[in-house]
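Q: Could you work out the structure for the sequence below:
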Amino acid sequence: MSQTRRLAAILAADVAGYSRLIGADEEGTGRIRALRAELIDPKIAAHNGRLVKTTGDGLLVEFASVVDALRCATEVQAGMAERNATTPADKRIEFRIGLHQGDIVVEDGDIFGDGVNVAARLEGLAEPGRICVSARVQEDAVGKLDLTFDDMGDQALRNISRPVRAYRVVMERRADAAKEPAPLPLPDKPSIAALPFQNMSGDPEQDYFADGMVEEIITALSRIRWLFVIARNSTFTYKGQAVDVKQVGRELGVRYVLEGSVRKGGSRVRITAQLIDAATGAYLWADRFDGSLEDVFDLQDQIATSVAGVIEPTVRAAEMQRAGRKPTASLDAYDLYLRARAEVSKDTAAGASEAIALANYAIAIDPSYAPAAAMVGFCRQQQRLRGWGPISDADVAEAVGLARTAIDTGKDDPYALWMGGWVLATMAFEHVAGLNAIERSLALSPNSSVAWMFCGFLHGFANRPGPAIDALERSIRLSPLDPVRWGADGGLGFAYLLAGRYEEAIEWADRALHANPKATFIYGCKAAACGYLDRGDEARECIRRLSEFVPGFTTITRFKRAWEKFCSPTALDIYIDGLRKAGLPEE
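A: Predicted coordinates:
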């Protein structure tokens, strides 16, 4: 017999009151078997567990990851609670679950050791329908899963020589659940959200690669015009959480959810994907895609095509043949670009600087790589607009030049077009050319929430509040949970100011400032709206906050000088008149 040792997360579970249940219900054993087949075994497989053994009333499962083990446990208990909701109390099947991470001995497929014993003892501490975990599990889960834990203190466990700190997983809905917004209505065409895929490479440093795969799949799906696709920034708010697919469907207003995993090893990559009906939780399709890194773009296209085929089989095959295209011949450049996108998504000064460095490396490898060129320009624009460090005239010239290159060489790449267009409009002040590029991007990828947001801003700068409001509202609908949604909220404040709808301008400005109190341009927008409504105290407070963040905007003359290149004369006059009414001095 061969023995090996390894670190593992161990899940021990048993049925509370098993003897009573079987004695009172001759069909109890069959019901438990059905539960395993319909709920428990699929959850174990979905979270990469290995069912070691079962007894009449219990089971033992091994996981490589604490996060996977705890996700599996919470989803099993949630599924059991849902099934028990309409079952008489005396016939309910309830599991107790214990979780521990520790050293185990593996012998002929079975597992032994203190790690197993601690998990079994913790399961004995759990109440029916509950989960009890050790401190090692709690420490690993904090910050990675949206769960709370009750500290049960040190526990003396039978046949365990040392006390073990135990925690109870809180399974109740949060106290503020009643205040959650109503589910978003479904769009008038098939809708989908692609959740972050799990990184199965065993290396946390490869998270960027798994994230990049999902972003590319979202882009590919977005090219399918009859699909409504939720933006990456909203779906990635679920990263690291134990996800209830039905809740995701309600929160994002979609019918379908795509989830999966990515394993990268050497020159090979494996992508698994599952498509789920968010209304019922039913799995509609699942598949595995294996290939070399050179084939990775084809794998992404295959997933998008397969998803499209499941959702809308009546659409002509030609519309599903290819959802995207290979963006660059160099996988090294592509890998650097994925890393740069991961840095940009942090929405920080340090992230922008690191993204510029990575994108420049990609350009050095492949000078024709339009998305990387556009990203450098976009990050420079963000540095300048948001005060993320000094930006020289040479930096501005480089950003504008790269934006032009990206637009010229990336004529069918939506990322290159919207980033390049925004840079042209806000750094070279070529508003028409910038808007044209963004609108071309939207023609290629009509589900890009960020492109719709920047489209709305440019319509606002041109004093077209109607189209601006339409574009910004569409941006928010496509990415309702976006961490940087405050930008679209603030844009709506500006658009409503131009439309003379001052109460709504203040409402949207307040939403944006609640999410980002350092969003300086929104203080000016709110101050102007308050000026038109003669709300002097609020206006003066906005001006005070604005002067704290940007001392150079403390007079009408300076404010006008800063904004006259962005706005049409009419839009600027509306803005300035409001600030003048708000009490901003002339000089």
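Q: C-alpha only now, for contacts and for neighbours.
A: Noted.
Q: measure residue 384 to residue 343 for me?
A: Shown here: residue 384 relative to residue 343, a distance of 17 Å by C-alpha to C-alpha, to the nearest Å.
Q: which of these two has more neighbours?
A: Neighbour count, other C-alpha atoms under 10 Å: between residue 384 and residue 343, residue 343 has more, with 21 against 17.
Q: okay, that one: pLDDT?
A: Looking at residue 343, its pLDDT stands at 85.
Q: In contact with it, which residues?
A: 351, 352, 354, 355 (C-alpha atoms under 8 Å, 6 or more residues apart in numbering).
Q: Nearest to residue 475 among those residues?
A: Lowest distance from residue 475 to these (C-alpha to C-alpha) belongs to residue 352, with 22.5 Å.
Q: any idea which element that closest one lies in?
A: Residue 352 is located in helix 349-365, with elements delineated by DSSP states H and E.
Q: What is the neighbour count of residue 87?
A: Neighbourhood size, residue 87 [other C-alpha under 10 Å]: 12.
Q: swap in residue 58?
A: As a measure of burial, residue 58 has 16 neighbours, counting by other C-alpha under 10 Å.
Q: swap in the one 10 residues further on?
A: Taking other C-alpha under 10 Å as the criterion, the count of residues near residue 68 is 20.
Q: three-state assignment of it?
A: Secondary structure state of residue 68, per DSSP: H, G, I helix; E, B strand; the rest coil, is helix.
Q: Chain neighbours aside, what residue packs nearest to it?
A: residue 47 (5.3 Å; C-alpha to C-alpha, 6 or more residues apart in numbering).
Q: Residue 51 and residue 60 touch, don't they?
A: Yes. If you go by C-alpha atoms under 8 Å, residue 51 and residue 60 touch, sitting 6.2 Å apart.
Q: of the two, who's got more company?
A: Neighbours were counted for residue 51 and for residue 60 using other C-alpha under 10 Å; residue 60 has more, 22 against 17.
Q: Please compute how far the helix or strand where that one lies lies from its chain's middle.
A: Following DSSP H and E, one finds residue 60 within strand 58-63. Counting by C-alpha atoms, centre = their mean, to the nearest Å, strand 58-63 is centred 31 Å from the centre of its parent chain.
Q: Same check on stretch 399-408?
A: On the basis of C-alpha atoms, centre = their mean, stretch 399-408 sits 29 Å off its chain's mean C-alpha point.
Q: residues of that stretch that come out buried?
A: Neighbour-count burial for stretch 399-408, counted by 16 or more other C-alpha atoms under 10 Å, picks out 399, 400, 401, 402, 403, 404, 405, 406, 407.
Q: ok, now stretch 117-127?
A: Neighbour counts over stretch 117-127 (16+ other C-alpha under 10 Å) mark 117, 118, 119, 120, 121, 122, 123, 124, 125, 126 as buried.
Q: The nearest residue to residue 144 once chain neighbours are set aside: what's it in contact with?
A: Distances taken as C-alpha to C-alpha, 6+ apart place residue 240 nearest to residue 144, at 4.9 Å, with adjacent residues excluded. Taking C-alpha under 8 Å, 6+ apart as the criterion, residue 240 is in contact with 144, 145, 146.
Q: Buried ones only from those, please, as a PyMOL command.
A: For the buried members of the contacts of residue 240, the matching PyMOL selection, counting by 16+ other C-alpha under 10 Å, is:
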select buried, resi 145
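Q: out of the contacts of residue 240, who's nearest residue 388?
A: Among those, residue 144 lies closest to residue 388 (C-alpha to C-alpha), at 28.8 Å.
Q: measure the closest one to residue 242 for me?
A: According to C-alpha to C-alpha, residue 144 stands 9 Å off from residue 242.
Q: Likewise for residue 297?
A: Going from residue 297 to residue 242 by C-alpha to C-alpha gives 29 Å.
Q: what do you get for residue 559?
A: Counting by C-alpha to C-alpha, the gap from residue 559 to residue 242 is 47 Å.
Q: which stretches of the stretch 251-400 of the chain form strands?
A: Along the stretch 251-400 of the chain, counting by DSSP state E, counting those that start in this stretch, strands occupy 256-265, 268-277, 283-292.
Q: what's the distance between the helix or strand encompassing residue 509 and the middle of its chain?
A: Following DSSP H and E, one finds residue 509 within helix 502-515. A distance of 24 Å separates the centroid of the chain from that of helix 502-515, by C-alpha atoms, centre = their mean.
Q: swap in stretch 294-303?
A: Its chain's average C-alpha position is 22 Å from that of stretch 294-303, according to C-alpha atoms, centre = their mean.
Q: Give the rounded mean pLDDT of it.
A: Stretch 294-303 shows a mean pLDDT of 72.
Q: mind listing what's buried in that stretch?
A: Under 16+ other C-alpha under 10 Å, the buried positions of stretch 294-303 are 296, 297, 298, 299, 300, 301, 302, 303.
Q: Among these, which are located in helices?
A: Among these, the residues falling in helices (DSSP state H) are 296, 297, 298, 299, 300, 301, 302, 303.
Q: all strands of the stretch 101-250 of the chain, in order?
A: 110-112, 131-134, 149-155, 164-169, 191-194, 198-199, 228-229.
Q: following the one helix or strand in the chain whose mean pLDDT sits lowest, which helix or strand shows up next?
A: Every helix and strand of the chain was ranked by mean pLDDT, DSSP states H and E. The lowest is helix 18-24, at a mean of 54. Using DSSP H and E, the helix or strand that follows helix 18-24 towards the C-terminus is helix 28-35.
Q: starting at the chain centroid, how far to that next one?
A: Distance, stretch centre to chain centre, for helix 28-35: 37 Å (C-alpha atoms, centre = their mean).
Q: and if you look at stretch 372-386?
A: So, by C-alpha atoms, centre = their mean, the centroid of stretch 372-386 is 22 Å from its chain's centroid.
Q: ok, residue 35 - how many residues close by?
A: Neighbourhood size, residue 35 [other C-alpha under 10 Å]: 17.
Q: Next, work out how far apart it and residue 286 are.
A: Taking C-alpha to C-alpha, one finds residue 35 at 21 Å from residue 286.
Q: Repeat that for residue 274.
A: Separation of residue 274 from residue 286 (C-alpha to C-alpha): 4 Å.
Q: Which of those two has more residues huddled nearby?
A: Using other C-alpha under 10 Å as the criterion, residue 274 and residue 286 rank with residue 274 on top: 19 against 16.
Q: hang on, that one packs against residue 287?
A: Yes. Using C-alpha under 8 Å as the test, residue 274 is close enough to residue 287 to be in contact (6.7 Å).
Q: Got the confidence number for residue 187?
A: pLDDT at residue 187 comes out at 80.
Q: can you check residue 175 too?
A: 39.
Q: what's near enough to touch the residue most central in space within the chain?
A: Among the residues of the chain, the one closest to the centroid is residue 236, at 1.0 Å (C-alpha atoms, centre = their mean). By C-alpha under 8 Å, 6+ apart, the contact list for residue 236 reads 195, 196.
Q: Tell me the spacing between it and residue 124.
A: Between residue 236 and residue 124 the computed distance is 36 Å (C-alpha to C-alpha).
Q: Residue 227 too?
A: Distance from residue 227 to residue 124, by C-alpha to C-alpha: 49 Å.
Q: Ok, residue 397 next?
A: Counting by C-alpha to C-alpha - residue 397 and residue 124 are separated by 67 Å.
Q: same question, residue 102
A: Using C-alpha to C-alpha, residue 102 is found at 18 Å from residue 124.
Q: Then residue 382?
A: 55 Å.
Q: Next: residue 334.
A: The spacing between residue 334 and residue 124, counted by C-alpha to C-alpha, is 51 Å.
Q: Please apply the same query to residue 31.
A: The gap separating residue 31 from residue 124 is 22 Å, by C-alpha to C-alpha.
Q: now do residue 402
A: Remark: distance between residue 402 and residue 124 (C-alpha to C-alpha) = 63 Å.
Q: Pretty sure residue 100 sits in a helix.
A: No. Read with three-state DSSP, residue 100 is strand and lies in no helix.
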